[in-house]
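**Q** need a structure here:
(one chain, ligands or ions: 2)
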Amino acid sequence: MKITDHIKNAKGKTLFSFELLPPVKGKSIQAIYNAIDPLMEFNPPFIDVTYHREDYIYKQHETGLLEKISYRKRPGTVAICAAIINKYKVDAVPHLICGGFTKEETENALIDLQFLGIDNVLVLRGDARHADSSFIPTPGGHAYATDLLEQVMNMNNGRYLHEDHDAFKTDFCIGVAGYPEKHFEAPNLKTDFKYLKKKVDMGAEFIVTQMFFDNSKYVDFVKKCRENGINVPIIPGLKPITSSKQLISLPKVFHIDLPEDLSEAIHNCKSEAEVKEVGIEFMITQCKELVKIGAPVLHFYTMSNPEPTKRIAQAIF
Ligand SMILES: NC(=O)C1=CN([C@@H]2O[C@H](COP(=O)(O)OP(=O)(O)OC[C@H]3O[C@@H](n4cnc5c(N)ncnc54)[C@H](O)[C@@H]3O)[C@@H](O)[C@H]2O)C=CC1
Ligand SMILES: Nc1nc(=O)c2c([nH]1)NC[C@@H]1CN(c3ccc(C(=O)N[C@@H](CCC(=O)O)C(=O)O)cc3)CN21
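**A** Ligands and ions are numbered 1, 2, ... in the order given. As a prediction, this is how the structure comes out:
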């Protein structure tokens, strides 16, 4: 079912959902089930599965020469989505990204997803490779989420890359990313909004936000969206803090602020176990407010570690 229909059917009740990373190469599907099982009691109508582009690794040869190899550490999004819908009878939402995929590869992935009965996709540009200082589009691929969105919308209208005639119309419900604290590459919030509006005007039907820890950022973002004629559901993305290292890594990697009361509380913790408790308690308070505000879904970035999210969901749902 489409995410927009899940939200409509909930009639204002806040839903629970979460996001998984495909396991690194060589792990079994059991790793995915272990990340899902503890969270099923909260009835997620959908589960997101991230897509990851290739990165570079360097292999040293006997001669001492270093060979640069393109390597995908976490393949498997399409197969994992198939396993999830079959085992749990819930919707799986694959992330589609521009980086690392040609238009043809994207079309083939979408055909597979359609065969599998997958109704929703989250369309993203995705991150730069670790070795690159900024996002470099793959030759034959897309540069922005808007370009990838156009391809999915074309397929929804029966237009494929190399078909002369109109073909089977897919019916994907498309989500896109939104940034309450601005996407770090956008020169200002207004420009960032212009592209978010473009994504919605092109056909995106829901927005999932970057993580945030200050609900006023979400409230302001929703307000600005509505003022700009963006009227689709805006799903807050939430990340429980579980270690003191994240005080530095989260702002650095995701370009977001951590509120002073949270950073102080973590700073004053005497152990990592205490940090985890503080992170969970903070997120429970944050979630209670979001439910009051009327957030359609609380979407957790579990990163395949279900335990903190389970503790939070127990307090909320
Ligand atoms: N791998 C995954 O599953 C996920 C990846 N991401 C993130 O995806 C982020 C970027 O993806 P999106 O937000 O989908 O990218 P996007 O393409 O919508 O935006 C990327 C940047 O380009 C600008 N922009 C957007 N469309 C443009 C256009 N047509 N012309 C010129 N500028 C344009 C935006 O303002 C923004 O600064 C990455 O930073 C990564 O954080 C987010 C969620 C999940
Ligand atoms: N820039 C970006 N890339 C993403 O892939 C992404 C977002 N943002 N925002 C929405 C979700 C959330 N995602 C993620 C991905 C990885 C971690 C993660 O591994 N976090 C580390 C800290 C970051 C690091 O050191 O790389 C952690 O300790 O939790 C968290 C959320 C994936 N998505």
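**Q** helix/strand/coil for residue 175?
**A** Taking DSSP: H, G, I helix; E, B strand; the rest coil as the rule, one finds residue 175 in the strand state.
**Q** ok, then the element right after the longest helix along the chain?
**A** In the chain, with assignment by DSSP state H, the single longest helix is helix 272-293. Beyond helix 272-293 on the C-terminal side, the first helix or strand identified by DSSP states H and E is strand 297-301.
**Q** any part of that following strand near ligand 1?
**A** No - against ligand 1, strand 297-301 shows no contacts by CB under 6 Å from any ligand atom, the least distance being 8.6 Å. The way it works is simple: take the backbone N, C-alpha and C, and place the C-beta from them, glycine included.
**Q** quick one: that strand to helix 272-293, angle?
**A** Here strand 297-301 runs at an angle of 160 degrees relative to helix 272-293 (axes from the mean of the first three to the mean of the last three CA atoms, to 10 degrees).
**Q** mind listing what strand 297-301 pairs with, with the direction of each?
**A** strand 15-20 (parallel), strand 237-238 (parallel) (DSSP bridges).
**Q** just the helices in the stretch 201-317 of the chain please.
**A** 215-227, 246-254, 260-267, 272-293, 306-316 (DSSP state H, counting those that start in this stretch).
**Q** spell out which residues of the protein are next to ligand 2.
**A** Counting by CB under 6 Å from any ligand atom, the chain comes close to ligand 2 at 50, 127, 210, 237, 239, 246, 249, 253, 254, 301, 303.
**Q** ok so the second one is a strand residue?
**A** No - the assignment for residue 127 (three-state DSSP) gives coil, which keeps it out of a strand.
**Q** ok, which stretches of the stretch 51-200 of the chain are helices?
**A** 77-88, 103-116, 145-156, 189-202.
**Q** near ligand 1, which residues of the stretch 101-250 of the chain are found?
**A** Contact residues (CB under 6 Å from any ligand atom) of the stretch 101-250 of the chain with ligand 1: 124-127, 144-146, 177, 183, 185-186, 191-192, 195.
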